[in-house]
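K.L.:
Turn this into a model:
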Amino acid sequence: MNWIVTGSSRGIGAATARMAAARANSVIVNYSVDREGAEAVVTGIREAGGRAIAVQADIAREADVVRLFETADREFGAPSVLVNNAAITGGFRRVEDIDEELLARVFAVNVTGSFLCAREAVRRMSTRHGGQGGAIVNLTSRAAALGSPNEWVHYAATKGAIDTLTVGLAREVATEGIRVNAIAAGLIETGMHAAAGAPDRVERMAPGIPMQRSASPDEGAEAVLWLASPAASYVTAAILPVSGGR
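P.N.:
Numbers count the residues shown, from 1 in each chain. Reported below is the predicted structural model:
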């Protein structure tokens, strides 16, 4: 199977890319600016005997998304699995402090980018277009349901849009060989927290999780791999919480 994992230079995306490649899949490791991180993921995959290449593309840009998928077609063939993982938080801000530029960028990456990638995937996977079917797994967040007040309501709102995309697209292409699902990630040990300006956030919040701990990126990746696998063949339009009960 051929995979495209957006935003896979670190975190759950990187863990997903490594895990998919270890299970005999070819993987496109997408990145926007972190070339070093993406190349490290690819090197690790190749050293373990897997197949992967790094492809730079800002998924908020339609031309970049088209180029990303055309590169995948050329290098490995039409994708069997798309993981819509790439996202930014926009940092910690109250709604009263958000400006138009920040809001536009967060929605462009998190929402528009996911729609554009899903569009390109459907055009290749759908039996309606002569494809062989496939799976799309979106990365959403428990923030969509919790709202994330005083932190990132703007980010949470984009993940609410991804929830809607997941359910709507799943029902739209259910008879075309494509399953669409999502994981709603909780508190995961990734660089996202430090990048947003709170490197201690995981340690601070972990005691408030019912399981009283955070999750590793691999735990998120395992859920993605399951949703994309034949083991989940009758699962579509599902949003699976991976959140320790939060």
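K.L.:
contacting residues for A184?
P.N.:
140-142, 144-145, 159, 163, 239-243 (Cβ atoms under 8 Å, 6 or more residues apart in numbering). All C-beta atoms are positioned from the backbone trio N, CA, C, and that covers glycine.
K.L.:
how close does it get to A145?
P.N.:
Per Cβ to Cβ, to the nearest Å, A184 is found 7 Å from A145.
K.L.:
before we move on, back to that, make CSV from the contacts of A184 and add pLDDT and neighbour count to it.
P.N.:
Below are those laid out as CSV (pLDDT from 0 to 100; neighbours: other Cβ atoms under 10 Å):
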residue, pLDDT, neighbour count
T140, 97, 28
S141, 96, 28
R142, 95, 19
A144, 96, 21
A145, 96, 17
K159, 98, 26
D163, 98, 17
I239, 98, 18
L240, 98, 18
P241, 97, 17
V242, 96, 21
S243, 92, 21
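K.L.:
can I get those in a markdown table with distance to S80 and secondary structure?
P.N.:
Shown next, in a markdown table, are the contacts of A184 (distance: Cβ to Cβ, whole Å; DSSP: H, G, I helix; E, B strand; the rest coil):
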| residue | distance to S80 | secondary structure |
| --- | --- | --- |
| T140 | 21 | strand |
| S141 | 25 | strand |
| R142 | 28 | coil |
| A144 | 27 | helix |
| A145 | 30 | helix |
| K159 | 25 | helix |
| D163 | 24 | helix |
| I239 | 22 | strand |
| L240 | 20 | strand |
| P241 | 25 | strand |
| V242 | 22 | strand |
| S243 | 27 | coil |
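K.L.:
Between these, which sits nearest I178?
P.N.:
Taking Cβ to Cβ as the measure, I178 sits nearest to I239 out of the contacts of A184, at 16.5 Å.
K.L.:
What segments of the protein are strands?
P.N.:
For the chain, strands defined by DSSP state E occupy the ranges 2-5, 26-31, 51-56, 81-84, 134-141, 178-185, 239-242.
K.L.:
need the ones you listed in JSON lines with distance to T16, can you?
P.N.:
Below are those laid out as JSON lines (distance: least, Cβ to Cβ, whole Å):
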{"stretch": "strand 2-5", "distance to T16": "5"}
{"stretch": "strand 26-31", "distance to T16": "9"}
{"stretch": "strand 51-56", "distance to T16": "12"}
{"stretch": "strand 81-84", "distance to T16": "6"}
{"stretch": "strand 134-141", "distance to T16": "8"}
{"stretch": "strand 178-185", "distance to T16": "10"}
{"stretch": "strand 239-242", "distance to T16": "12"}
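K.L.:
Need the pLDDT of the residue sitting furthest away from the middle of the chain.
P.N.:
Farthest-out residue of the chain from its mean C-alpha position, per Cα atoms, centre = their mean: E96, at 28.2 Å. Looking at E96, its pLDDT reads 98.
K.L.:
for R204, same thing?
P.N.:
For R204, the pLDDT comes out at 81.
K.L.:
any idea how far L68 is from it?
P.N.:
With distances taken as Cβ to Cβ, R204 is found 36 Å from L68.
K.L.:
what does R105 give?
P.N.:
19 Å.
K.L.:
Comparing these two, which residue is more hemmed in?
P.N.:
The neighbour count for R105 versus L68, taken as other Cβ atoms under 10 Å, is higher for L68 (24 against 14).
K.L.:
ok, and the closest non-adjacent residue to that one?
P.N.:
A57 (4.0 Å; Cβ to Cβ, 6 or more residues apart in numbering).
K.L.:
contacting residues for that neighbour?
P.N.:
A57 touches 30-32, 64-65, 67-68, counting by Cβ under 8 Å, 6+ apart.
K.L.:
Swap in 7 Å and give it another go.
P.N.:
With contact set as Cβ atoms under 7 Å, 6 or more residues apart in numbering, A57 has these partners: 30, 64-65, 67-68.
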